[in-house]
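J.: Okay, predicted coordinates and the sequence, questions at the end:
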Amino acid sequence: MAWITLFFAGLFEVGWAVGLKYTEGFTRLWPSLFTGLAMLVSVLLLGVALKSLPLGTAYAVWTGIGTIGTALLGILLFGEPAGALRLACIALIAAGIVGLKLVPA
């Protein structure tokens with residue numbers, strides 16, 4: 001259950017990272033409220049997951065999910081570059097997350 005909680009914490013991290021783009025420096029009310037709420041939920045879920053997962057592993061997986069999701073949404077939503085090297089680097093991050101999940105704690 002902790003891994004599922006951590007996964008959702010990572011998704012909320014993606015939500016607030018992308019939300020930052022829409023806040024326009026926190027000058028837009030609704031995107032700013034959504035972003036703040038997503039930040040809070042992300043950290044709370046991370047805290048719950050940390051009750052039973054190792055700190056280093058959980059934090060690395062949480063930030064990895066956030067990094068991958070944010071990079072992919074940057075490509076899809078904002079037309080950021082999607083070159084082969086960039087996609088390979090995203091794949092390496094994903095491989096690191098899988099590796100951390102598979103290594104015994």
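T.: Received it, and whenever you're ready, just let me know what you need.

J.: Scan the protein for its longest helix.
T.: helix 55-78 (DSSP state H).

J.: how far does it sit from the chain's center?
T.: 4 Å (Cα atoms, centre = their mean, to the nearest Å).

J.: Direction-wise, compare the helix or strand following that helix with helix 55-78 and give the angle.
T.: Next helix or strand after helix 55-78 toward the C-terminus (DSSP states H and E): helix 84-102. Between helix 84-102 and helix 55-78, the angle comes out at 150 degrees (axes from the mean of the first three to the mean of the last three Cα atoms, to 10 degrees).

J.: pLDDT on helix 84-102, on average?
T.: Per-region confidence: helix 84-102 scores 95 on mean pLDDT.

J.: Quick check: mean pLDDT of stretch 5-17?
T.: For stretch 5-17, the per-residue pLDDT averages 98.

J.: one step back: could I get the buried residue list for the longest helix of the chain?
T.: 57-58, 60-62, 64-71, 73-75 (16 or more other Cβ atoms under 10 Å). Every residue, glycine included, has its C-beta placed from N, CA and C.

J.: before we move on, what about stretch 91-105?
T.: Those would be Ile93, Ile97, Leu100, for stretch 91-105 by 16+ other Cβ under 10 Å.
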